[in-house]
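Engineer: Next input, structure requested:
(one chain, ligands or ions: 2)
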Amino acid sequence: NNPFLSIRDLKVHFSTEDGVVKAVDGLSFDLAKGRTLGIVGESGSGKSVTNLAVLGLHDREHTALDGEILLDGKELLTATERELERLRGNKMSMIFQDALASLSPYHTIGAQIGETYRKHTGASRREARARAVDMLRRVGIPMPDVRVDDYPHQFSGGMRQRAMIAMALVCDPELLIADEPTTALDVTVQAQIMDLLKELQQEFGTAIVFITHDLGVIADIADDVLVMYGGRCVEQGSKKEVLRDPQHPYTLGLLGSMPSLHGPVDVPLSPIPGSPPSLLNPPSGCRFHPRCAFMEKVDGGRCTSLQPVLEVVDGRGTACHLAPGQRRELFADFATAR
Ligand code: SF4
Ligand code: MG
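Structural biologist: Numbering: from 1, shown residues only. Ligands and ions are numbered 1, 2, ... in the order given. Down below sits the predicted model:
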């Protein structure tokens, strides 16, 4: 299974008046078609920034990118704005938390979905409208042939989110990036949207990157999980491996508040004491060390002096100085509590 999206040692650094913010600092992952990768982390962990870079939507003036982003074998970091423009909405697409910000208030829902379709296919207005109706039907909008002429403000929040999904999928993209698309919605609508994404993925074989701070959402939708902290991946693996057998103290902390894998969908991030690291002056050694309950278990003060390396074997990896045996012992209480 060749990865459709392949990211290698990605760095996204912003220049600010106070210095360089290393928002993403050496991130690698692969994603195959038809699979969903859940990226989880607190805000400021670099998850959204990573995906804006994939889409080429970062602020070019203040951002330095390094590494490799391969989409179906094509290097995106060196792609021109025009090439990216052609890929966006067509081969790769995105949905965000705030549908209102992504939809124009001045044009009908149908016109906006149709416009994206026309831009990439050269279809006529009539064809585009028919396609918009069809897409609205597929995402579960009732009376799509009537609602197609509504403006965004005439739609409820859940319907707008569906319309945004319709717009994102109108050209059958092979990669869909979903950045907290259900965070603003109530639990029932959230569950419906997730089911819809799963259905559409089955139908189209889309590769999905799903960004969230909510492990309940990850448990529901992801095949694989990548846990980000301070601009780096601290743990990755299949959903089962990461949620049932976390290997990194940060993941363990995130899981702390989750009642069970099959609990309610709307589980907030567990409050881990302390706050996310500054990416202007990241902590020395392991970026998690100021908040880690286990650092005194590691010999030689390595947690504060040496950045742990993420070693990945068969898609499974963790960046922590604790030895596997130590983790088994230290995390055992947690395992029985679950
Ligand atoms: Fe904690 Fe040290 Fe592991 Fe970092 S490397 S997570 S500080 S034990
Ligand atoms: Mg974000």
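Engineer: element containing Leu176?
Structural biologist: Here Leu176 sits within strand 175-179, counting by DSSP states H and E.
Engineer: Please pull up the helix or strand immediately following that strand.
Structural biologist: Following strand 175-179 in sequence order, the next helix or strand is helix 187-204 (DSSP H and E).
Engineer: What is the helix or strand just after that following helix packed up against?
Structural biologist: Following helix 187-204 in sequence order, the next helix or strand is strand 207-212 (DSSP H and E). Other helices and strands packing on strand 207-212, by 3 or more Cβ pairs under 8 Å, 6 or more residues apart in numbering; DSSP states H and E, are strand 36-40, helix 47-55, strand 175-179, helix 215-221. In short, each C-beta sits where N, CA and C put it, glycine included.
Engineer: what about 6 Å?
Structural biologist: Under the contact criterion of 3 or more Cβ pairs under 6 Å, 6 or more residues apart in numbering; DSSP states H and E, strand 207-212 touches strand 36-40, strand 175-179.
Engineer: and it, average pLDDT?
Structural biologist: Mean pLDDT, strand 207-212: 94.
Engineer: strands paired with that strand, and their directions?
Structural biologist: strand 36-40 (parallel), strand 175-179 (parallel) (DSSP bridges).
Engineer: just these: most buried one?
Structural biologist: Comparing the strands paired with strand 207-212 by mean neighbour count (mean count of other Cβ atoms under 10 Å), strand 36-40 ranks first with a mean of 25.
Engineer: how far off helix 187-204 does that one point, in degrees?
Structural biologist: Counting by axes from the mean of the first three to the mean of the last three Cα atoms, to 10 degrees, strand 36-40 lies at 140 degrees to helix 187-204.
Engineer: re the thing from before, if I take the strand holding Leu176 and helix 47-55, what angle do their directions form?
Structural biologist: 150 degrees.
Engineer: got a list of contacts for strand 175-179?
Structural biologist: With contact meaning Cβ atoms under 6 Å, 6 or more residues apart in numbering, strand 175-179 is reached by 5, 48, 51, 92-96, 206-211.
Engineer: ok so, going back, in a markdown table: the helices and strands packed on strand 207-212, plus mean pLDDT and distance to ligand 1.
Structural biologist: Formatted as a markdown table, the helices and strands packed on strand 207-212 follow (pLDDT from 0 to 100; distance: least, Cβ to the nearest ligand atom, whole Å):
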| stretch | mean pLDDT | distance to ligand 1 |
| --- | --- | --- |
| strand 36-40 | 96 | 16 |
| strand 175-179 | 94 | 26 |
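Engineer: Select, out of the ones you listed, the one closest to Phe331.
Structural biologist: strand 36-40 (18.1 Å; Cβ to Cβ).
Engineer: contacting residues around the closest one?
Structural biologist: By Cβ under 6 Å, 6+ apart, strand 36-40 touches 31, 47, 208-212, 218, 221-227.
Engineer: I'd like the distance from that strand to the chain centre, please.
Structural biologist: With Cα atoms, centre = their mean, to the nearest Å as the basis, strand 36-40 stands 5 Å off its chain's centre.
Engineer: mind saving the C-alpha coords of that strand as CSV?
Structural biologist: Output in CSV follows, covering the C-alpha atoms of strand 36-40 (Å, rounded to 0.1, in the frame of the first residue of the first chain):
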residue,chain,number,x,y,z
THR,A,36,-8.0,8.1,8.3
LEU,A,37,-5.1,9.5,10.3
GLY,A,38,-6.2,11.3,13.5
ILE,A,39,-3.8,14.0,14.6
VAL,A,40,-4.4,14.9,18.2
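Engineer: follow-up on the earlier one: identify, from the contacts of strand 36-40, the entry nearest to ligand 1.
Structural biologist: Val227 (11.3 Å; Cβ to the nearest ligand atom).
Engineer: ok, back up a step: farthest pair within the contacts of strand 175-179?
Structural biologist: Ser48 and Thr206 (19.6 Å).
Engineer: Of those two, which one has the most company?
Structural biologist: Taking other Cβ atoms under 10 Å, Ser48 and Thr206 do not tie; Thr206 has more neighbours (23 against 20).
Engineer: Tell me the residues of the chain that contact ligand 1?
Structural biologist: Residues of the chain lying close to ligand 1 (Cβ under 6 Å from any ligand atom) are 249, 286, 288-289, 292, 294-295, 298, 303, 308, 320-322.
Engineer: Format those residues as JSON lines; extra columns: distance to Val20, pLDDT and neighbour count.
Structural biologist: Shown next, in JSON lines, are these (distance: Cβ to Cβ, whole Å; pLDDT from 0 to 100; neighbours: other Cβ atoms under 10 Å):
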{"residue": "Pro249", "distance to Val20": "27", "pLDDT": "93", "neighbour count": "27"}
{"residue": "Cys286", "distance to Val20": "20", "pLDDT": "97", "neighbour count": "28"}
{"residue": "Phe288", "distance to Val20": "21", "pLDDT": "95", "neighbour count": "26"}
{"residue": "His289", "distance to Val20": "21", "pLDDT": "95", "neighbour count": "21"}
{"residue": "Cys292", "distance to Val20": "25", "pLDDT": "93", "neighbour count": "23"}
{"residue": "Phe294", "distance to Val20": "30", "pLDDT": "92", "neighbour count": "19"}
{"residue": "Met295", "distance to Val20": "26", "pLDDT": "91", "neighbour count": "20"}
{"residue": "Val298", "distance to Val20": "29", "pLDDT": "94", "neighbour count": "21"}
{"residue": "Cys303", "distance to Val20": "24", "pLDDT": "97", "neighbour count": "25"}
{"residue": "Pro308", "distance to Val20": "22", "pLDDT": "96", "neighbour count": "21"}
{"residue": "Cys320", "distance to Val20": "26", "pLDDT": "97", "neighbour count": "25"}
{"residue": "His321", "distance to Val20": "26", "pLDDT": "97", "neighbour count": "21"}
{"residue": "Leu322", "distance to Val20": "30", "pLDDT": "95", "neighbour count": "22"}
